[in-house]
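Undergrad: pasting the sequence and the predicted coordinates here, then a few questions.
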Amino acid sequence: MVYIVAWVVLGVLLSFIVHAALEMSYIQYALSHDIIPLNQNALGYGYCALPVWLQTLLIIAGVVGGYFAGTYFWRIIYVEKRFKKRWGFPRK
């Protein structure tokens, strides 16, 4: 269970990085084309130029992607034990 939760946290952190990259590129595009980015308040605080639906979608994608990545790698490493075979770790 801790393994899956760690992957979900990793997915959320990666979604924040993607969010920051998207927002920086949008703000740069908007300012270079004389567009004023509008403030989109998510949960009533903060400043974000991305729409609220995109902010929510990025968080949900991080959680869902982290869960599926965690279950996939759990199966590969612990059930099928392919990681040890491929990388030549000593078997117990």
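TA: Right, received. Where do you want to start?
Undergrad: point out where this structure drops to low pLDDT.
TA: Scanning the chain with the threshold set as pLDDT under 70 gives 43-44, 83-92.
Undergrad: residues touching the most centrally placed residue in it, list them.
TA: The residue lying closest to the centre of the chain (C-alpha atoms, centre = their mean) is residue 15, at 2.6 Å. When contacts are counted by C-beta atoms under 8 Å, 6 or more residues apart in numbering, residue 15 touches 58, 59, 61, 62, 63, 65. For glycine as for every other residue, the C-beta is placed from the backbone atoms N, C-alpha and C.
Undergrad: please redo it, this time with the cut-off set to 7 Å
TA: Listed by C-beta atoms under 7 Å, 6 or more residues apart in numbering, the contact set of residue 15 reads 58, 59, 61, 62.
Undergrad: where does it fall, secondary structure wise?
TA: Element membership for residue 15 (DSSP states H and E) is helix 2-32.
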